[in-house]
Structure formats: C-alpha cells, structure tokens
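> What follows is a predicted protein model with its sequence.
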Amino acid sequence: MQTPTASGSRTDTTTNAKHRSTRLQIFLIVSLTFSMATLCLSHYKVVHSVTDHDRVTVPLPRNQAPAKGGLPPVPDFVKRKATQNQENTDLDQGLTGQGLVTFRTPQEAVGEDAKILLQPTMGVHRPSSNAVFAFAEGYDLKVYATFIESLKQTGFAGDVVLAVSDTKKMKTDVFDYLKWYSDGGDKSLRIVAYALDWHCLTKNGDKIKGSQRGSTVNHGFSDCKLDGMYSGKDGAPAEDPREARPVATARYELYYIWSKQYLERSKILVIDSRDTYFQAPFSFESSAAPNLRGVHLPANIGDSCRLDLFEENREAVDIGKSKYNSRWIKSAYGNGTLKKMESKPVICSGSTMGSQAAIEHYSSAMVAQFDKTKCKAVGCDQGFHNFIYYEGGLESWLRGKGCSTYVHEQGSGAVNNLAALRQTSLRSQGVLKVQDGLGSDDIFVANNDGKPSPILHQYDRDDELKKTIQKRAAVLLQGWKVGVQASTNSLSSQRFNKMKTIS
C-alpha cells in the first residue's frame, strides 16, 4: 500500500478550504435574498394586515418617487384614505372586511354579561300582545289624548309603551290619565309608561336643571344620558355607557329594551306621538301596495319576521333636495356617502313597523350608528335610518335572519307621512277629501287608492287638518272623562248597594 506524501496532503487541504468558502458564499447569498424578500413583504403587510374598514397605505415622502430598483408602489386596489376628520370621509358603518353586516346589541357596550334592568313605572308588559312604542316626554294632556284616544277608536287591543316625564314633572292631569289606562281602566288598550330621569346637558356640557313641571330633555332635543338601563359586572345598575346624545337618538335604545319584552309573534309600531293621529283601523301586515320596494323572502317562507319602512313623498323631496336630510347624512357619514344617496327617496325615521324580532334588530342597528359616528346633531337619527337601509346593509342582515323588508311609497301603506306635502294645502292636492254626503268639516286624508289613510303622521303641517283633528281630540278627551266618571259612579253605586245589603 502506498503511503501519501506531504505535498498530496497540502493539496487536499487547499481543496477543502475552497469548498468551505464556496458554501459560505452560497449561504450569504441565500440569506441576503431572504432578507430582501422579508423586507418587501413587510412593506405590503402594513396594508394587508388591517381590516377592510381600517385599511390605510404608507405614503412616500412628499414629492419623492420610489428609487430605481426600490420597492414598488402599493397597488391601487388596496388603497383607501383613512383621514377621519376630512369632510369627505365615508364610513362603512357596520361592515366587516368581508362585506358582511354585524350590529352588536346595545348592552354589549356595558359588557357581555350585562342584563336589562329598566322597568316600567306604570303598567306591565303583556308579552303576547301587539304594541305601539313612542317617546312622549313633556307633553300636555291634549297631546296624549289625541294619540291614545284616536288609537283606541281604531279598535287596537294591545300595549301602548311610552317614555314620559318623571312623575314630579308631568303636566296637569297627565299622571291621572296615564295611570287610569295603565291600571286597566280600558279592557283592551293598556298603557305601559316609563317615567325616566334623564341627566341632560347643554351643548357646553352644563347640566340642565328642569323645573317642577318642565322638561329637561326638551322633547328629545337635549343631549342626555340615562343610567340604570343595564347591570354592570357586579349586577348593580350601570352608568349609561354612551355619551350624552339627543334623546331623539337615545330613544332607539328604549325601543330595543321594550321589544325584548314581547314574544316573536308580537307586532310593533314605532311612531312619533306628538304629531300622529289614528284615522282608521290598520294592519301590521299590509303589503298589497303599488311600487313596494325592499327584499321580500319567498312566499313559502312567510312573513313571520318583517320590517316595514315608510317613505315621504318622493316627488316633493329626495335626500339631496332636503337641506336637513342631506346635512344629517353628511354630518354622520361624509360627503361621499351623501353623493351616493342624494337621489334616493327620504324614508321617515318617525314611523316604522314590524314583527318583534325585526324591531329588535332594527333598533340595535340604529344604536350602533351612534356608537360609530358619534353624530350629535338633532335629526341624525333620520340620517342613521336612511343610511342603514340604502348603504349600511340592513336588508341583507335582516334577510340572513329570515326577515323581509318592505318600503312603502308615501300614500300607499299603513302610515301616511305628510310633511313633504306642506308647500300647498292637502285639500288643493286632492289628499284631503270630504266624506260623501256629510258636512264640509268631516274630512279625511286619503291614500293613493282613495281610501282613508289608517295612520296620519305629521298631520300638523296642514292648518285645516290640524284644526279638525284638534276639535276631534277635544271631543274624544271629553268622552274619556265622561266614561271615567260614569265608571266611577257605577263603582260607587255598586259599593253603596253592597254596603246597604250588608247593613
């Protein structure tokens, strides 16, 4: 066997050193390539790691183009400006990155375990009944009588759930009137009243001090908070989790709480109380109307869950033509969203109808809009109402829960919104008609089919109609007083006879 020489050993050593050097160079090249790739990916991760709603881009320094051979610009399809204070910012409220809608329940602002604590001051909810919800704080007896007595005349047999003044601040005779109905004075219509102690502030943040017979909420226009609606972690009443906001906005949280007191088969009307008059019996399921829009589930599914919305007159006004509605949309959602919605008919937030589940979901969506926009302008609730239908995904959310949505053209549904027709008299427009063969003052408001509109909302915008309804309301109130007196006399007589028999 041949023994290796010293020169051969040196050659092998040199070869091995060259191999090690080559491997090191390859390792360094691979490492550098990996580092460059990681740097590129980290640039795009800034965009791709956020949700669609919060997506931003990382801009280059002003007036500086990318260096030759540097990182490429962010593609157009992932760009979105996210400057919240700019007037044109569009907020895709309630939309997730996948375009799906989700609205959390109002009490989740307190905590996942929060429970509803708010209870009525007068009356008790009848869970299987239909119901009418209204904010009715600070009014005199004539307003309550116009609303309630006209409703009773239609034959409505259900609960009338009202938010009213603290009992110490109620105007003369209001407490006795509400108490009579809440105690079962009428066998069919039952009032359930929440006398609420709002903590209201001026726009400067100063507390408003209400008078003995006054109103701190100013019929919904003051910014207020209401503690004790929900329980906290320890089960004790929690502070209002939201900022002070107009009660016209906060009332939707009450509607949510009230809706939870009823069974799924119950039907609910949510409507303004001050300017509403019930002219004829109404149905909660009237859908045979012309030009009916919305997403309707197949006939074989039925309408066990449905939401009915009611337009104002589309020929007289749309969102863009109305300085008020356009301002509310712009204040809450920005100019870009307004441009998308400006040609749409105005849907009135003061009149909504639906099944229990639909009203619960709708109210949650309305509360969620304040949580996201913090819009405190008086009237922003109308902006919320129109946004969630046209741009906010309310229909698709309800459809996913098995609910239909109906949008009724003005003059074709159970509720006739009249404010947009105020430019000329209703009589001159053929809306206000005279009953055949009766006196000229026996008038009624007609739907587009010539039949009486069941519910008149915003009736006080027409002078002739307003005066007529005020006269009718006075008669109805007097009838109630006579009925109560007769009932009282009857009870007194029964007690007298009973005492006479005993003696």
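In hand now; what should we look at?
> For Lys340, identify the helix or strand it belongs to.
Assigned by DSSP states H and E, Lys340 belongs to helix 335-341.
> Which positions within that helix qualify as buried?
Thr337, Leu338, Met341 (16 or more other C-beta atoms under 10 Å). C-beta coordinates here come from the backbone N, C-alpha and C atoms, glycine included.
> same check, this time on stretch 163-182
In stretch 163-182, counting by 16+ other C-beta under 10 Å, buried: 163-165, 169-171, 174-175, 177-182.
> Among these, which one sits closest to Glu311?
Ala163 (25.8 Å; C-beta to C-beta).
> The closest one - that's part of a strand, no?
Yes - under DSSP: H, G, I helix; E, B strand; the rest coil, Ala163 falls within a strand.
> okay, it: pLDDT?
You'll see Ala163 listed with a pLDDT of 97.
> who's in contact with it?
Taking C-beta atoms under 8 Å, 6 or more residues apart in numbering, we find Ala163 in contact with Ala134, Phe135, Ala136, Glu137, Tyr194, Leu196, Arg251, Leu254.
> As a markdown table, the buried residues of helix 335-341 with distance to Ser322 would be great.
Compiled in a markdown table, the buried residues of helix 335-341 are given as follows (distance: C-beta to C-beta, whole Å):
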| residue | distance to Ser322 |
| --- | --- |
| Thr337 | 15 |
| Leu338 | 11 |
| Met341 | 11 |
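> Could you identify the most distant pair in the contacts of Ala163?
It's Ala134 and Leu196 that sit farthest apart of these, by C-beta to C-beta, at 13.3 Å.
> The residue lying closest to Gly158 once chain neighbours are set aside: neighbour count?
Spatial nearest neighbour of Gly158, excluding adjacent residues (C-beta to C-beta, 6 or more residues apart in numbering): Asn130 at 3.9 Å. By the criterion of other C-beta atoms under 10 Å, Asn130 has 18 neighbours.
> Phe284 versus Asn130, what's the distance?
7 Å (C-beta to C-beta, to the nearest Å).
> from the contacts of Ala163, which single one is nearest Val484?
Using C-beta to C-beta, these come closest to Val484 at Ala136, 20.1 Å.
> excluding its backbone neighbours, what's nearest the closest one?
Ser273 (4.1 Å).
> same thing with Arg126?
With sequence-adjacent residues excluded and distances taken as C-beta to C-beta, 6+ apart, Arg126 is closest to Asp159, at 5.7 Å.
> For the one you found, give its distance to Ala474.
26 Å.
> neighbour count winner among those two?
Neighbour count, other C-beta under 10 Å: between Asp159 and Ala474, Asp159 has more, with 27 against 13.
> Report the separation between the residue nearest to Arg126 and Tyr262.
8 Å.
> Give the intersection of the neighbour lists for these two.
With C-beta under 8 Å, 6+ apart, Asp159 and Tyr262 have common neighbours His125, Ser129, Ala131.
> By neighbours, which of those wins?
Most crowded among the shared contacts of Asp159 and Tyr262, counting by other C-beta under 10 Å, is Ala131 at 25 neighbours.
> For it, which non-adjacent residue is closest in space?
Asp159 is the one closest to Ala131 (C-beta to C-beta, 6+ apart), at 4.3 Å.
> What about the buried residues of stretch 163-182, which are in strands?
Ala163, Val164 (DSSP state E).
> wait, which of the buried residues of stretch 163-182 is closest to Lys330?
Nearest to Lys330 out of the buried residues of stretch 163-182 is Ala163 (C-beta to C-beta; 28.9 Å).
> which SSE is Gly402 in?
Gly402 belongs to no helix or strand, assigned by DSSP H and E.
> any idea how far the most centrally placed residue in the chain lies from Asp381?
In the chain, the residue lying closest to the centroid (C-alpha atoms, centre = their mean) is Met366, at 2.6 Å. In this structure, Met366 and Asp381 are 7 Å apart, going by C-beta to C-beta.
> what sits in contact with each of those two?
Tyr252.
> picking that back up, nearest to His361 among the buried residues of stretch 163-182?
Ala163 (20.5 Å).
> So what pairs up with that closest one in the strands?
In this entry, Ala163 is beta-bridged to Phe135, Tyr194, by DSSP bridges.
> ditto for Pro237
Beta-bridge partners of Pro237, as defined by DSSP bridges: Ser231.
> mind listing what it touches?
Pro237 touches Leu117, Asp227, Gly228, Tyr230, Ser231, counting by C-beta under 8 Å, 6+ apart.
> Show me which pair in those residues is furthest apart.
Going by C-beta to C-beta, the pair spanning those furthest: Asp227 and Ser231, at 11.6 Å.
> Give the residue from these two that has the larger number of neighbours.
With neighbours defined as other C-beta under 10 Å, Asp227 and Ser231 compare such that Ser231 has more, 18 against 13.
> surely that one meets Ala114?
Yes - judged on C-beta atoms under 8 Å, Ser231 makes contact with Ala114 at a distance of 5.8 Å.
> before we move on, the earlier item: who touches both of Asn130 and Phe284?
Lys267.
> Neighbours of Arg126, how many?
16.
> just Lys321 next, same as before
Lys321 - counted by other C-beta under 10 Å - has 13 other residues nearby.
> For it, what are phi and psi?
Taking degrees, to the nearest 10, you get phi -80, psi -20 for the backbone angles of Lys321.
> Distance of the residue nearest to the centre of the chain relative to Cys375?
12 Å.
> what do the two both touch?
Phe384.
> For the stretch 151-300 of the chain, just list every one of the helices.
174-182, 247-259 (DSSP state H, counting those that start in this stretch).
> Can you tell me what sits against stretch 148-156?
Here stretch 148-156 makes contact (C-beta under 8 Å, 6+ apart) with 130, 132, 160, 181, 186, 188-189, 191, 277-282, 454, 472-473, 476-477, 479-480.
> Recalculate using a threshold of 7 Å.
Stretch 148-156 is contacted from outside by 132, 160, 181, 186, 189, 277-278, 280-282, 473, 476-477, 480, using C-beta atoms under 7 Å, 6 or more residues apart in numbering.
> now stretch 253-272
106, 116, 118, 125, 127-134, 161, 163, 229, 284, 350-357, 359-360, 363-364, 367, 457.
> With stretch 245-252 instead?
135, 163, 198, 217, 220-224, 226, 363, 366-367, 370, 376, 378, 380-381.
> swap the cut-off to 6 Å and go again
135, 217, 220-221, 223-224, 363, 366-367, 370, 376, 378, 381 (C-beta atoms under 6 Å, 6 or more residues apart in numbering).
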